[in-house]
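Visitor: Prediction below, plus the sequence it came from.
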Amino acid sequence: MAFEDFSVEMISTTGAKIHSLRKGSGPPLLLLHGYPQTHFIWHKIAERLSKSYSVVLTDLRGYGDSEKPDGSARHANYSFRAMAQDQIEVMRHLGYGEFYVASHDRGARTTHRMCLDHPEAVRRVCFMDIVPTLRMYQDTNKEFATKYMWWFFLIQNAPLPEHMIGADPQFFLEQHFKMQNGTPGALTEKAIKEYMRCFCTPEAIHASCEDYRAAAEIDLEMDEADEEAGHKVACPVHVLWGAKGAIGKLWDVLDVWKQHATGPVSGKALDAGHYLAEEQPEEVLSELLRFFK
């Protein structure tokens, strides 16, 4: 059973109760997942990372076994600012004022906001299979809109996407994974079962829609303000992306992140689709151990 030796705690932040797991000793390393998954995305490498680091895994608010608060005006409860604040408070609760972060998809967008709002906290960061949200919306074209159709579907006003997904959430997840996964069999039966358990409820579906709605409204305003003010990621950045996925085909990933960081930026494409830690766990593990050493 994955994570059986990890301690589990529900940690209350100012905005939500966050399901958190911890194991290991050494420098603190926070691992953040993306949509429509949970902390379980790290199940192939978390145990081995705990041999070198104090590993902390959480479910983002609205996901997994974390609390799913109401969306609030302008979906602010699901802004990346609110979600980043959760993670800062979780790490402070555990005694970590500074830490490393490895993050994927929505978790990486949360981490990007964390780097801008709390630069003193993040020592080094690995972003997996993203470029900044504002850049992706600014560069929207037919190919991006087709390959990332849920970005434009999930932001529609409630209850349209909630109702349509809720009619057959298992089918929706299966199709989503099929579109994004570049390595057949990489998402194990146990992992898919866990994602199904956590996602296929009205509360989780609504919360994830609120995440995307916030990203297309209040988050963009924050990103635009930071861009105008010249705020960038200050710590060393390592980026990984899937050679079989859309991000690397539509953007020069390293060049984009160099435009959004003041420190060194490194990275590479892996032979994978979107789910790097599940499709190429050995490579991801090697990259993280090298970068955070």
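Guide: Here it is on my side, so go on.

Visitor: mind listing the strands for this protein?
Guide: 7-12, 17-23, 28-32, 54-58, 99-104, 122-128, 237-242, 265-270 (DSSP state E).

Visitor: who wins for proximity to Y195 among those?
Guide: Closest approach to Y195 among those is made by strand 99-104 (13.5 Å; C-beta to C-beta). All C-beta atoms are positioned from the backbone trio N, CA, C, and that covers glycine.

Visitor: who's in contact with that closest one?
Guide: Around strand 99-104, the neighbours that count as contacts under C-beta atoms under 8 Å, 6 or more residues apart in numbering are 27-34, 41, 53, 56, 91, 110-111, 114, 121-129, 275-277, 288, 292.

Visitor: pLDDT of that strand, averaged?
Guide: Averaging pLDDT along strand 99-104 gives 99.

Visitor: Now render the strands of the chain as TSV, adding mean neighbour count.
Guide: Shown next, in TSV, are the strands of the chain (neighbours: other C-beta atoms under 10 Å):
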stretch	mean neighbour count
strand 7-12	14
strand 17-23	21
strand 28-32	25
strand 54-58	26
strand 99-104	26
strand 122-128	25
strand 237-242	25
strand 265-270	18
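
Visitor: closest one to E203 among the ones you listed?
Guide: Smallest distance to E203 across the strands of the chain (C-beta to C-beta): 13.3 Å, for strand 17-23.

Visitor: For the closest one, which strands pair with it and how are they oriented?
Guide: strand 7-12 (antiparallel), strand 54-58 (antiparallel) (DSSP bridges).

Visitor: what angle sits between that strand and strand 28-32?
Guide: For strand 17-23 against strand 28-32, the angle by axes from the mean of the first three to the mean of the last three C-alpha atoms, to 10 degrees is 130 degrees.

Visitor: What's the end-to-end length of stretch 167-187?
Guide: Terminal residues of stretch 167-187 lie 24 Å apart, using C-alpha to C-alpha, to the nearest Å.
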